[in-house]
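In: my questions are about this predicted structure, shown below with the sequence.
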Amino acid sequence: MLGVGATFAGYRIEGVLGQGGMGTVYLARHPRLPRSVALKLLNREVSTDTELTRRFELEADVVARLEHPGIVGVFDRGTDDGHLWIAMQYIRGTDAAAWNARAHPPATAVRLLGETAAALDYAHSRGVLHRDVKPANILIADTESLRESHAVLTDFGIARLTDANTKLTATGAFTATLAYGSPEQLSGAMVDHRSDQYSLACTLFAVLAGRPPFAATNPGQVVMGHISQPPPRLTATRPDLPATLDPLVARAMAKQRADRFRDCGQFITAVRDALEGRHIAAPPVTPATPVPVAHPVLTHNPPEVRAGHASRPQPFPAHRVVTDPRPPVADPRPAGARSWPQPQAAGPRPSRTTAVTAGIATVLVAVFPVFVFCVGLVETARTIAQGAPAGRADLAYSVLALLFIGVVALLWAGGGLLLLAGRRSGRVLTLVSSVIGVLSAIAGTVAAVAASELAVLALTGPLLMLSAVAFVCTASPATGRWLSYRTSVRAGGPRY
C-alpha cells in the first residue's frame, strides 16, 4: 500500500480511491500536467499471472480506442517495480449504485442513463461490447460551473474487441454480474450489442426501483429469473411513474434478442417519451448485424477494484448516437389497441445435446460388461449344477471375476443414467467409467493382435469408440453448463 506523498511511476499519490483482491486504485497527481488521475495498480503477486496481465493490458487497449465524453479516458499505462499500472481519467462524484434516484426527478435519472446509452451505442459502433453494465460501473460526475451532472461509463476491463484474434478463455475472463446479466450471457451463448441493452434496462430498473429486477439471495434463482421469468413491473415499486414505462422495460429485457430495441439510444428515447407523456410508437425492431463474442462458462472471480472515485470494491478490469433517420410515424391504431412486444415466457437454456450423447454412449458401453457378466454367471451356475470337477481356487476366481464385472457394469450404467438425469455425480462416474473403457479396449486390442485373435477386435473397436465419445462429451464445457442449469432448477429455480 502506497502512502500519501509517495511517488510511483512519476505519479504522486494523493489518496486511495478503492481497494480489492487484485489491486488498488489511487488518486494521484500527474507528473507533468496539472491534473489528478485515477492510478490503478495490480498487486505484484498477481502481476505475474499471464492471463490477468493480458486482461489488464486489454482494458487500456480497449478504452484507449474509445474517445467519447461518456466513457472514462485512458492516459497511460506501464510496468514499474513489478506492478502493472494504468492512469485513467478521475471522475469526481459517486456512482449510480450509491446515487439516490428518489431525491431527484425521474427525468434526471433517465437523462443520465441516456448519456450511458449514447456511450454504449458509440462503443458498439466501434465493435466493442461492455458486458458488465450495472449501476456501480456508471459514474455520476458532480455538478460543475457551466455544466450539470453527467454520467461516465467505466470498467471496460471485461469488454472484448469483437474483431480481436486473441480470446481470453481462461477461468476469470467472464465476470458478468448476475443481477444485470442478459439471458444469453448467463447461459453461455453468443452475445451481441443487445446484451448490453438488456443490462442497461436492468440498471434503469434498479436505479428507479432501488433494487435489481430479479433480487434474490440464491444466485441460482437470480439466473433463472433472467432466463425464464418475465421482468417485474417497474410501477409496482414506483407507482408514481407512468404505466407506459412497464412495456418499454419489458421489451428491452425480452428473453429473445430479436424482440428488443434496435439499440440503447432507441430504448432510452422511448422511455423519455413515455415519461414526458408523449405516446409515440417506436419503430419495429429491425435486424441488425450482430457483433458476436464467444464466452467461456460463467465463473466466480475474487473482488477487485475499479477506477473513478472512492466506492465499494468493484471488478478490476475500466459522440455518436445511432438513431433512426426516419421521422417518427404515429401509430394509426386506437390507443387501447397499442401494445409493445412482450418477452417470451421461456428463454434460452444451455443445450443438453452433448450431455445426452455422453449418457447414451456410456449406457451403450455398459452393454459389454452386462453381456459378459450374464454369460459368466450362466456358465458358472451350469458348472456347479452339473457337478463338474473344479477346485475351490478356480471357483473363487470365477466369483471374484463376476463381482468385478458386475461392479463395472453398474458403474457404467449408473453413470450414464445419472448423467441423463442431469446429476453432477453422473458426470464423475461417467468420466471414471469412460477412462476404464478406453484402457480396457486398448489392452484388449493389443492382446488380440499379439495372439492373432483378430475377431476380438469386433468387440474392442466399438468399446474404444463409445468410451472415447463418452469421455469427450462428458468433459465438454457444454455438459458442465447443462448440469449447472439442472442443478439450479432443482435448487428452487423455475422450470421451463
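Out: Here it is on my side, so go on. Numbers count the residues shown, from 1 in each chain.
In: show me where the stretch 101-250 of the chain has strands.
Out: 128-129, 138-141, 150-153, 160-161 (DSSP state E, counting those that start in this stretch).
In: who are the packing partners of the second one?
Out: Counting contacts by 3 or more C-beta pairs under 8 Å, 6 or more residues apart in numbering; DSSP states H and E, strand 138-141 is packed against strand 93-95, helix 106-125, strand 150-153. (Glycine included, C-beta is placed from N, CA and C.)
In: now do the helix ranked longest in the chain: distance to the chain's middle.
Out: Looking across the chain with DSSP state H, the single longest helix is helix 353-385. Relative to its chain's centre, helix 353-385 lies at 40 Å (C-alpha atoms, centre = their mean, to the nearest Å).
In: go through that helix and flag the buried ones.
Out: Buried residues in helix 353-385, counted by 16 or more other C-beta atoms under 10 Å: 354-366, 368-370, 372-373, 376, 380.
In: how many neighbouring residues does Ser125 have?
Out: 14 (other C-beta atoms under 10 Å).
In: my error: substitute Glu276 in the last question.
Out: Around Glu276 there are 10 residues (other C-beta under 10 Å).
In: which ones are touching it?
Out: Ala107 (C-beta atoms under 8 Å, 6 or more residues apart in numbering).
In: what separates it from Leu204, distance-wise?
Out: As judged by C-beta to C-beta, to the nearest Å, Glu276 and Leu204 stand 16 Å apart.
In: and His104, by the same measure?
Out: Distance, His104 to Leu204, by C-beta to C-beta: 14 Å.
In: now do Phe261
Out: 12 Å.
In: now for those two: what residues contact both?
Out: By C-beta under 8 Å, 6+ apart, the residues touching both Phe261 and Leu204 are Ala252.
In: which strands or helices does the helix or strand encompassing Thr445 pack on?
Out: Under the criterion of DSSP states H and E, Thr445 resides in helix 424-450. Under the contact criterion of 3+ C-beta pairs under 8 Å, 6+ apart, helix 424-450 touches helix 353-385, helix 392-420, helix 457-475, helix 477-490.
In: out of these, which comes closest to Ile91?
Out: The closest of the helices and strands packed on helix 424-450 to Ile91 is helix 477-490. By C-beta to C-beta, the value is 36.7 Å.
In: quick one, the closest one and helix 424-450 angle?
Out: 150 degrees (axes from the mean of the first three to the mean of the last three C-alpha atoms, to 10 degrees).
In: and helix 477-490, how far out from the chain's middle?
Out: 14 Å.
In: what distance do you get for Gly210 to Ser199?
Out: Distance from Gly210 to Ser199, by C-beta to C-beta: 18 Å.
In: just Asp95 next, same as before
Out: 15 Å.
In: equivalent analysis for Arg92, please.
Out: 25 Å.
In: compare neighbour counts for these two and give me the winner.
Out: Ser199 (27 against 12).
In: what's the local residue count around the nearest residue to Gly437 once chain neighbours are set aside?
Out: Nearest residue to Gly437, sequence neighbours excluded (C-beta to C-beta, 6 or more residues apart in numbering): Ser467, at 3.0 Å. Ser467 has 26 neighbours, counted by other C-beta under 10 Å.
In: give me the below-cutoff pLDDT ranges for the stretch 101-250 of the chain.
Out: Low-confidence regions of the stretch 101-250 of the chain, defined by pLDDT under 70, span residues 145-147, 157-176.
In: so where do the helices sit in it?
Out: Along the stretch 101-250 of the chain, the stretches classed as helices by DSSP state H, counting those that start in this stretch are 106-125, 183-186, 193-209, 219-228, 234-237, 245-252.
In: need the ones you listed in a markdown table (columns: distance to Glu59).
Out: Compiled in a markdown table, these are given as follows (distance: least, C-beta to C-beta, whole Å):
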| stretch | distance to Glu59 |
| --- | --- |
| helix 106-125 | 13 |
| helix 183-186 | 19 |
| helix 193-209 | 17 |
| helix 219-228 | 26 |
| helix 234-237 | 33 |
| helix 245-252 | 27 |
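In: if we can go back for a sec, and the helix holding Thr445, which residues are buried?
Out: 426-427, 429-431, 433-434, 436-438, 440-441, 444-445, 448.
In: tell me the mean pLDDT for it?
Out: Here helix 424-450 scores 83 as its mean pLDDT.
In: likewise stretch 2-9?
Out: On average, stretch 2-9 scores 89.
In: quote the end-to-end distance of it.
Out: The first and last residues of stretch 2-9 sit 12 Å apart, counting by C-alpha to C-alpha, to the nearest Å.
In: show me what counts as buried in it.
Out: So, applying 16+ other C-beta under 10 Å, buried residues of stretch 2-9: 2, 8-9.
In: in helices only, show me those residues.
Out: Going by DSSP H, the helices hold none of the buried residues of stretch 2-9.
In: on that earlier part again, neighbour count winner among His104 and Leu204?
Out: Shown here are His104 and Leu204; by other C-beta under 10 Å, Leu204 has more neighbours (28 against 13).
In: looking at it, the more buried one is touching Ala270, isn't it?
Out: No: the pair Leu204 / Ala270 is not scored as a contact, 11.4 Å apart, by C-beta atoms under 8 Å.
In: nearest to Arg486, out of the helices and strands packed on strand 138-141?
Out: The nearest among the helices and strands packed on strand 138-141, by C-beta to C-beta, is helix 106-125 at 33.6 Å.
In: would you put the C-alpha positions of that closest one in PDB?
Out: In PDB, the C-alpha atoms belonging to helix 106-125 read as follows (Å, rounded to 0.1, in the frame of the first residue of the first chain):
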ATOM      1  CA  PRO A 106     -37.100  10.600 -12.700                       C
ATOM      2  CA  ALA A 107     -36.200  12.600 -15.700                       C
ATOM      3  CA  THR A 108     -32.800  13.300 -14.200                       C
ATOM      4  CA  ALA A 109     -32.100   9.500 -13.900                       C
ATOM      5  CA  VAL A 110     -33.300   8.900 -17.500                       C
ATOM      6  CA  ARG A 111     -31.100  11.800 -18.800                       C
ATOM      7  CA  LEU A 112     -28.000  10.300 -17.100                       C
ATOM      8  CA  LEU A 113     -28.700   6.800 -18.400                       C
ATOM      9  CA  GLY A 114     -29.400   8.300 -21.800                       C
ATOM     10  CA  GLU A 115     -25.700   9.500 -21.700                       C
ATOM     11  CA  THR A 116     -24.700   5.900 -20.800                       C
ATOM     12  CA  ALA A 117     -26.900   4.700 -23.700                       C
ATOM     13  CA  ALA A 118     -25.100   7.000 -26.100                       C
ATOM     14  CA  ALA A 119     -21.700   5.800 -24.800                       C
ATOM     15  CA  LEU A 120     -22.700   2.200 -25.300                       C
ATOM     16  CA  ASP A 121     -24.000   2.800 -28.900                       C
ATOM     17  CA  TYR A 122     -20.700   4.500 -29.700                       C
ATOM     18  CA  ALA A 123     -18.700   1.600 -28.300                       C
ATOM     19  CA  HIS A 124     -20.900  -0.900 -30.200                       C
ATOM     20  CA  SER A 125     -20.300   1.100 -33.400                       C
END
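In: quick one, that helix and helix 193-209 angle?
Out: 160 degrees.
In: list the buried residues for stretch 245-260?
Out: For stretch 245-260, by 16+ other C-beta under 10 Å, it's 245-255, 257, 259-260.
In: residue contacts, Arg126?
Out: So Arg126 contacts 65-66 (C-beta under 8 Å, 6+ apart).
In: quick check: the gap between it and Met224.
Out: Arg126 sits 34 Å away from Met224, going by C-beta to C-beta.
In: ditto for Asp259
Out: Distance from Asp259 to Met224, by C-beta to C-beta: 19 Å.
In: what does His104 give?
Out: Counting by C-beta to C-beta - His104 and Met224 are separated by 33 Å.
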